[in-house]
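Engineer: output the structure for:
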Amino acid sequence: MCKLKSGLLFKAGVFVPDYDSHDRMLQEKGIEDTAENRAMGKYIRFELSPKNDDPFTPVSSWVFRIDQDELPEWYEADPGKYEQMAREAVEKWASKRIFVGKEIAEIKQGENYYLKDCTVGTVSRDTIIADMRGSSAVQNMRDSSVVRNMLDSSAVQNMWESSVVQNMLDSSVVQDMWGSSVVQDMWGSSVVQDMRDSSAVRNMRGRSAVRDMRDSSVVQDMWDNSVVQNMRDSSVVRNLYEKSIAICRGKSVIYVSSDFPVKLQ
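Structural biologist: Have a look, this model is predicted:
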């Protein structure tokens, strides 16, 4: 699996796109991924990765490695030169994708942004935020934007349309979800305050909470002390475990479970 940050080396240059898939890079460059092409030196796969998977450490401390066995003569004649080319290219990429302690009005388009202790006004247009850490906050997520991981006390205030948060850890918060927005997993003390339209939370663990769900919103699974305070119209909780609480309105279903699995149909 390709790691942060992956790229391709060529005899006369380097290619470091926003994404990390070597196969996708070769496809974009119109190069077939064959042993013959590698042996001929048409490209070299490389990775420059942060220690302990912490993208907020200086790129100068990241570990360089070649991700293939076949090495052409032009590389073996001066490997230091090509490592430096790779590092310079990744430094340039990081300056536009990794931010610490910044106030950013808008992030629009592009993949794999990394935010720590940052405030962002709006994330829009199919943007992908790979990680939010520290006390980072996004005020608005629009279009089909994605946050892959929310850690520490990160927060999203509003999610519209088909925006997605894939994982919420620790004390992360989403205040409002509209449209078909989705939170896939919630751990720790994560919270979604309001869900509307077809919004969904797929899994909740620990002390996670959803305060209000409306229309066709769904929570699939709840564990430990998870709570849904209000559910309206066609909202569904499929499984409740231990001391979870669901208060359902519209069809007037109210249930508080004990220490065993319960299914609400």
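Engineer: top helix in the chain by residue count?
Structural biologist: Scanning the chain for the helix with the most residues, using DSSP state H, yields helix 79-97.
Engineer: what does that one rub up against?
Structural biologist: Contact with helix 79-97 is made by 5, 7, 9, 13-16, 18, 44, 46, 48, 59-60, 62, 64, 75, 110, 112-114, as judged by CB atoms under 8 Å, 6 or more residues apart in numbering. In this view, the C-beta of every residue, glycine as well, is placed from N, C-alpha and C.
Engineer: give the buried subset of these as a PyMOL selection command.
Structural biologist: Here is the PyMOL command that selects the buried residues among these (16 or more other CB atoms under 10 Å):
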select buried, resi 5+7+9+14+16+44+46+48+59+62+75+112+113+114
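Engineer: just the contacts of helix 79-97: which are in helices?
Structural biologist: Y75.
Engineer: strands - which of the contacts of helix 79-97 land there?
Structural biologist: Using DSSP state E, the members of the contacts of helix 79-97 that fall in strands are G7, L9, G13, V14, F15, I44, F46, L48, F64, Y113, Y114.
Engineer: need the max-distance pair from the residues you listed.
Structural biologist: The most widely separated members of those, counting by CB to CB, are I44 and Y113 (26.8 Å).
Engineer: what residues are up against F46?
Structural biologist: So F46 contacts S6, G7, L8, L9, F64, R65, I66, D67, A86 (CB under 8 Å, 6+ apart).
Engineer: look up the closest residue to the last one, ignoring the ones flanking it.
Structural biologist: Here the nearest residue to A86 in space, its sequence neighbours aside, is F46; by CB to CB, 6 or more residues apart in numbering that works out to 5.4 Å.
Engineer: if the one you found is in a bridge, with which residues?
Structural biologist: Judged by DSSP bridges, the bridge partners of F46 are G7, I66.
Engineer: what's the spacing between it and E73?
Structural biologist: Counting by CB to CB, to the nearest Å, the gap from F46 to E73 is 17 Å.
Engineer: again, but for E47
Structural biologist: 22 Å.
Engineer: higher neighbour count, the two?
Structural biologist: E47 (20 against 8; other CB atoms under 10 Å).
Engineer: per-residue confidence for the closest residue to R142 other than its chain neighbours?
Structural biologist: Spatial nearest neighbour of R142, chain neighbours left out: S124 (4.3 Å); criterion: CB to CB, 6+ apart. For S124, the model assigns a pLDDT of 88.
Engineer: and for S124, the neighbour number?
Structural biologist: 19.
Engineer: OK, contacts around R214?
Structural biologist: R214 makes contact with D194, M195, R196, D197, R232, D233, S235, according to CB under 8 Å, 6+ apart.
Engineer: give me that answer again for 6 Å
Structural biologist: R196, R232 (CB atoms under 6 Å, 6 or more residues apart in numbering).
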